[in-house]
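Undergrad: Return a 3D structure for these sequence lines:
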Amino acid sequence: MRDELLKVIISSGFEVKPLGKGRFIEEENLSLFNSACSLSLKVFYGRGKHIRPWAELFNIRGGFFGSKVEVPLYRSLLNFSWVFVEYELDRQTMLELERGIEPKDTRLGIQLLRAGYRSLRDWYFPEGWMEGGRKIQAFAPEGRGFMLK
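TA: Alright, predicted model coming up:
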């Protein structure tokens with residue numbers, strides 16, 4: 001599963017540098033970069049049939065938002081049950097959400113829906129500020145999220 005994920009990420013326009021394990025044995029941290037941008041990716045591969053896999057994009061720097069690699073990267077993560085995308089440096093999305101626009105109608109929300117996600121949630125106070133910056137959570141369509149056996 002990991003090799004398949006890396007192959008898809010690389011084909012979406014990024015180089016990948018492993019940064020090591022996360023807090024759990026099923027969790028891994030990766031650095032993604034290309035000539036225009038860099039970002040961090042945390043993946044949790046799931047645990048058995050009870051805890052579904054998820055991914056989080058954060059520390060997004062450079063020209064990622066609105067680039068030709070944005071939607072392909074979101075598509076590469078569709079096999080996770082959900083993905084979190086930090087929007088702190090996506091000024092347009094930040095302003096839209098602050099004005100009360102629904103996540104699905106923001107610049108980022110439109111890109112996530114275009115990539116194939118079915119619904120969105122705004123985490124504007126994620127875990128009481130203990131889990132990083134503000135982010136949108138996008139849910140994969142039913143039946144897409146893979147599970148470890």
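
Undergrad: check contacts around residue 102.
TA: For residue 102, the set of contacting residues under the criterion of CB atoms under 8 Å, 6 or more residues apart in numbering consists of residue 109. For the C-beta atoms, the positions are set from N, CA and C on the backbone; glycine is no exception.

Undergrad: neighbouring contacts of stretch 7-26?
TA: Contacts to stretch 7-26, defined as CB under 8 Å, 6+ apart, come from residues 6, 27-34, 40-42, 44-47, 53, 68-69, 72-73, 75-76, 148.

Undergrad: could you give me the average pLDDT of that stretch?
TA: Here stretch 7-26 scores 86 as its mean pLDDT.

Undergrad: tell me which residues in it are buried?
TA: Neighbour counts using 16 or more other CB atoms under 10 Å place 8-9, 12-14, 26 of stretch 7-26 among the buried residues.

Undergrad: for stretch 106-116, same thing?
TA: Counting neighbours by 16+ other CB under 10 Å, one finds that the buried residues in stretch 106-116 are 106-109, 111-113, 115.
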